[in-house]
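> Mind folding the following:
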Amino acid sequence: MPPRSRTAKAAADEPMPRGKPSNSVDDLLEPMPPTQPRAKRLLTIVTVAAWLYAMSVAIGKAYDIRLHAIKTYGYVIHEFDPWFNYRATEYLAANGLRKFFTWFDRMAWYPLGRPVGTTIYPGMQMTSVFIWKALGRLRELGLLTWYAHVKKAPISLNDVCCLVPAWFGALATVFLGLLTLETTNSYAASACAALCMATVPAHLMRSVGGGYDNESIALTAMCATFYLWCRSLRGPYEASKHTYIYGVLAGLAYAYMVAAWGGFTFVVNAVGCHAFCLAVVGRYTEKLRVAYSLFYVVGTIGAILVPVVGWRPLKDMELLPPLLVFVGLQVQARAVAYIRKNECGMVKGLLVLAAHGLVLVAVLLGIGFILYPRGYFGPPSSRVRGLFVKHTRTGNPLVDSVAEHQPTSKQAYTQYLSHAYDLVPYGLGLSLLRVSDATPLLWIYFGIAYHFANKMARLMILAGPIASALVGVALGAAFDHGILFSVQALVARFFPGQKQKPTRKKEKLPVKIRRGLAGTYRHPVVCIARIALALYFALYTVQPKYKDFLGYCEELSEGLSQPSIMFKARLRDGTEIIVDDYREAYWWLRDHTPKDSRILAWWDYGYQITGIGERTTLADGNTWNHEHIATLGYILTSPEDQAHKIAKHLADYVLVWAGGGGDDLAKSPHMARIGNSIYHHFCPDDPTCQHFGFYQGGRPTPSMEASLLYKLTTHDPRRPALNTSRWEPVYQSKYGKVRIFKIKKVSKKSKNWVKNATNLLCDAPGSWYCPGQYPPAVRWLIDLRKPFRQLEDFNSGPRDKDSEEYTKKYHEKMSAREGKGEIPPTEKLTYVGCYRKEDQLPAEKVYGGGVVGASASAAFNHARSQKKRYVAVARVGDDGHAFAFDSLPSGAAVNDGGCARPCADDDAFACGCADAGCDGVVKRSADEEYVRRWAVYDVGAPKKRRKKRSEL
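Sure, this is the predicted structure:
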């Protein structure tokens, strides 16, 4: 293949230093013997055309597989967080960027409010508004008449937000294919990687249509950054114009990544580690220094301009290593220039490098000793810190209640990567055989992504791109050596080019052996055999596996595409319906309550209440204020008379989820634990609040039965246990999933006090940043708070003894609930399979919920105590559901992400999921009343008890 530029052509004529192959896609046909130019050009055209076709197929599959939800439910925003993102996008579209960054939202976190502009990553909102306005302008110019969606009417902002995940999912596929091409110099590897990336579930989990989440565009930005960074390293050893162009573009892509998602820390550290490794192992070049300097400077300036980030790139511990690499490269450049100028030998050159290194270390230590005592450097954030602690429970019941924050089980890799999981080791091994400047990025990415994905289920999304790239490496190598290089050798045989003049120098034995092996490898008979073997492998191994992979991805995509805000179900007569209770309840709030109404609900629903119901909520779906969320938990789990004394000063209505499934009763143990983490008197000497729950068989404990939450969710007008003079029922959804109660005797004095602008705490006169305060009538409650600090929380100041004791006791109690420290029988558990429905389990079964449904050890003990052969578990959080029985379940088993959720006591075992524990992993199917994934184990035949002599 001819060089692509004059620079590349000039570089091709220069002798290449040994051990440092160029990182150029022009080397694709390097093994090709001398061939006639026309034949070589034709073969190149065919290769590139086939690659373009494969990429187009991948783009089509990536877009189409993400539209299941839109085709079934229409243009509906999913889940919880996406509703906040959509509401923020609406605000940006209506008010502009300046007002957006100074937006203090008083409809959330009442009465405190939230400074949205400085606490949000605005990249997705800015992108969506730009696309929406661009499409509108293009339609006005008559340039989109071919696009059916905007042919008759302008596309709405809602529709754009629903389609953004699908658009960017396809775009991420393109950039991943280009990254693989850049790191392998193989069009076949690039095409295979793109086809895998298009549908791999680890990427689908956050990029389905309607799933308007930050990760849906962040993964595209990450792949673009990695590709542009690697592209800037291509070519000659001196910096070229392409180094400058792609270095700047890589910095801009990184800045966009910063604006899109908080996971930008992973990207900049991966690139910094890559540059550091190249410099250390002797692959330092001026090209590397220029490319990294441009990437870092441009990217850091862009990051600083994002309000939520600010000066963190120059202060936070986790962001300082890339800065040190930047400084180190400048010092190394100075040392290399000195060595070249003075023509130093190897020993003297090493001494010069060592001297420069020592000076750099001394200067950095001096700066550190000056700035650290003054508090300049920020500690590692709690989220980053959580990825490196030993235990899987953080000690924070709020964080522990979120399913996606749990560690990833071993089975989750096969669930979210499918057949790709089996090919990753081969791809990783083959990538070690052809080393270029770009290849080490794959190894670094693999190591970091594997560690992070192990720590948190949510970060499994990072494994999707690298797994796809390594699949491409494995399959691309097979295709190249089986077909492409064989065809090249045959073409060269029949259309030979000018032969090189033989040298008179006597060749050494290793060179003769290598030349002989190469001749044998390119022999026509061997080439035809290679082609035949490759075709057989492709037709009878790869093709069936790929069809199976696509079918699995399609099936899982349908599950991931079902929005939790509405779902399909069947009535008792078999009629299929769409349950839309949640949106209807929020619409009722919007249409039947005053605009200044305040809604008391669990924090999960805050985004939907403000986004759909357009009413003020006491908390949205963010976790930034633990104490405020704990106050909500305390109110809901307190006795109704005590709860009314507090709620009447803060809210006008109470909204609860009922009707089973992931309703508020299923979440109530978490509410109690979160509330008690701040108000210790609620569960004295028991951080786990074991007295707040249900006995075996579903009977509530006294504290649960007396709680406001229990009475609201189980309210029956025929047998009222609720004091309706305090809580008036005003709405119940069609299928009973949502109930709304009006709070009677609301304190207008407290409401007006909060409204009074003089009671706001502005940071300066006339400032936009003006948090609210709790009304004086509930100050007594606020004074009872105990500030929450975790063992690993470096950001909350000095730890006090009470906090340490509380957290220590929390871990001990939770471990005792899970069976840790007791008889460890889990090695006797044999996994049978995973089942969707409870009616697949035998009719003769014994229930054992609570901790038994979340612990492998407790489940084993339950089955043995009931003298049963099998046990099925479905975990919610630290509790769950379990059944013991004697015969195998009926029907087919399933294999999706819900089955892979690890047990609380041992992540080597999967405990399935139930209700809220399945959120973000699996969706309710039309034939399921409740969402469940029952992990079934064989505990072995129960031992027969030997009869006593008196019984004979």
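> Please make it C-alpha for all contacts and neighbour counts, starting now.
Fine.
> Go over the secondary structure and confirm residue 935 is in a strand.
Yes - with DSSP: H, G, I helix; E, B strand; the rest coil as the criterion, residue 935 is assigned to a strand.
> Report the beta-bridge partners for it.
Residue 935 forms beta bridges with residue 834, residue 873, as assigned by DSSP bridges.
> And for it, the neighbour number?
28 (other CA atoms under 10 Å).
> Begin at 29 from now on, thanks
Sure, I'll start counting at 29 from here, so that last one is residue 963.
> how about it, what does it touch?
859, 860, 861, 862, 863, 900, 901, 902, 927, 938, 939, 940 (CA atoms under 8 Å, 6 or more residues apart in numbering).
> Let me see the contact set for the nearest residue to the third one once chain neighbours are set aside.
In this structure, residue 861 finds its nearest non-sequential neighbour in residue 964, 5.5 Å apart by CA to CA, 6 or more residues apart in numbering. With contact taken as CA under 8 Å, 6+ apart, residue 964 is in contact with 859, 860, 861, 862, 863, 898, 899, 900, 901.
> any idea how far residue 774 lies from residue 611?
Distance, residue 774 to residue 611, by CA to CA, to the nearest Å: 26 Å.
> Compare the contacts of residue 964 and tell me which has the most neighbours.
With neighbours defined as other CA under 10 Å, the most crowded of the contacts of residue 964 is residue 899; it has 34 neighbours.
> what's the span of stretch 339-353 from first residue to last?
Stretch 339-353 has an end-to-end distance of 18 Å (CA to CA).
> Please identify the buried residues of it?
Buried residues in stretch 339-353, counted by 16 or more other CA atoms under 10 Å: 340, 341, 342, 343, 344, 346, 347, 348, 349, 350, 351, 353.
> Mean confidence (pLDDT) on that stretch, please.
Mean per-residue pLDDT for stretch 339-353: 90.
> Equivalent analysis for stretch 444-464, please.
89.
> Just the buried positions in it, please.
444-449, 451-452, 455-456, 459, 463-464.
> before we move on, what about stretch 548-559?
Applying 16+ other CA under 10 Å to stretch 548-559 flags 549, 550, 551, 552, 555, 556, 558, 559 as buried.
> For the stretch 779-928 of the chain, which residues score under the pLDDT cut-off?
816-856, 906, 925 (pLDDT under 70).
> Could I get the full set of strands for it?
Secondary structure of the stretch 779-928 of the chain (DSSP state E, counting those that start in this stretch): strands at 858-863, 873-875, 898-903, 908-913.
> Which one of those strands lies nearest to residue 116?
Nearest of the strands of the stretch 779-928 of the chain to residue 116, taken as CA to CA: strand 898-903 at 33.8 Å.
> tell me the angle the closest one makes with strand 858-863.
Put simply, strand 898-903 runs at 60 degrees to strand 858-863, going by axes from the mean of the first three to the mean of the last three CA atoms, to 10 degrees.
> List of residues touching strand 898-903?
Contacts for strand 898-903 (CA under 8 Å, 6+ apart): 880-882, 887-888, 891, 908-916, 929, 931, 939-942, 945, 960-968.
> Shouldn't residue 77 be within a helix?
Yes - under the criterion used here (three-state DSSP), residue 77 sits inside a helix.
> Point out where the stretch 29-178 of the chain drops to low pLDDT.
29-64, 172-178.
> Kindly report the same for the stretch 279-428 of the chain.
406-428.
> what are the ranges of the helices in it?
Secondary structure of the stretch 279-428 of the chain by DSSP state H, counting those that start in this stretch: the helices cover 292-308, 314-332, 348-369, 374-399, 410-414, 425-428.
> continuing past the last one, what's the next helix or strand?
So the one you mean is helix 425-428. Sequence order places helix 438-445 as the next helix or strand after helix 425-428, per DSSP states H and E.
> So which elements touch that next one?
If you count contacts as 3 or more CA pairs under 8 Å, 6 or more residues apart in numbering; DSSP states H and E, helix 438-445 packs onto helix 229-232.
> Now tell me what touches the helix or strand that the helix it packs on is followed by from outside.
Downstream of helix 229-232, the next assigned helix or strand under DSSP H and E is helix 243-260. Identification of contacts with helix 243-260 by CA under 8 Å, 6+ apart yields 152, 192-193, 196-197, 199-201, 203-204, 206-207, 210-211, 234-235, 270-275, 277-279, 281-282, 284-285, 288-289, 292, 295, 299, 319, 323, 465-466, 490, 493.
> what pLDDT does the spatially closest residue to residue 772 that is not a sequence neighbour get?
Nearest residue to residue 772 in three dimensions, chain neighbours excluded: residue 754, at 4.8 Å (CA to CA, 6+ apart). Reported pLDDT at residue 754 in the predicted model: 93.
> repeat for residue 696
Confidence at residue 696, expressed as pLDDT, is 85.
> Assign a three-state SS to it, would you?
helix.
> What number of residues are in the vicinity of residue 770?
Neighbours of residue 770 (other CA under 10 Å): 21.
> swap that for residue 439, sorry
Around residue 439 there are 19 residues (other CA under 10 Å).
> where does the stretch 529-678 of the chain dip in pLDDT?
529-540.
> rerun at 80
For the stretch 529-678 of the chain, the stretches flagged by pLDDT under 80 are 529-547, 549, 587, 590, 592, 596-602, 649-652.
> Give the other helices and strands that the host helix or strand of residue 198 contacts.
Secondary structure assigned from DSSP H and E places residue 198 in helix 185-212. For helix 185-212, the packing partners by 3+ CA pairs under 8 Å, 6+ apart come out as helix 65-92, helix 109-129, helix 151-168, helix 215-227, helix 243-260, helix 491-507.
> what are the ranges of the strands in the stretch 529-678 of the chain?
Going by DSSP E, counting those that start in this stretch, the stretch 529-678 of the chain shows strands at 595-598, 604-607, 626-628, 644-645.
> want to throw these into TSV with mean neighbour count and distance to residue 807?
As requested, those are exported to TSV (neighbours: other CA atoms under 10 Å; distance: least, CA to CA, whole Å):
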stretch	mean neighbour count	distance to residue 807
strand 595-598	18	42
strand 604-607	14	41
strand 626-628	26	18
strand 644-645	29	20
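> The ones you listed: which one's closest to residue 366?
The nearest among the strands of the stretch 529-678 of the chain, by CA to CA, is strand 644-645 at 64.5 Å.
> can you list contacts of the closest one?
Contact partners of strand 644-645, identified using CA under 8 Å, 6+ apart, comprise 134-138, 624-629, 634, 637-638.
> Just the buried ones from the residues you listed?
134-138, 625-629, 634, 637-638.
> List the buried residues in the helix holding residue 198.
185-212.
> Could I get the average pLDDT for it?
In this model, helix 185-212 has a mean pLDDT of 94.
> Can you give the distance from it to the centre of its chain?
Put simply, helix 185-212 sits 16 Å off its chain's centre (CA atoms, centre = their mean, to the nearest Å).
> distance of the nearest residue to residue 356 once chain neighbours are set aside from residue 325?
Once flanking residues are discounted, residue 356 sits nearest to residue 388: 7.6 Å by CA to CA, 6+ apart. According to CA to CA, residue 388 and residue 325 sit 20 Å apart.
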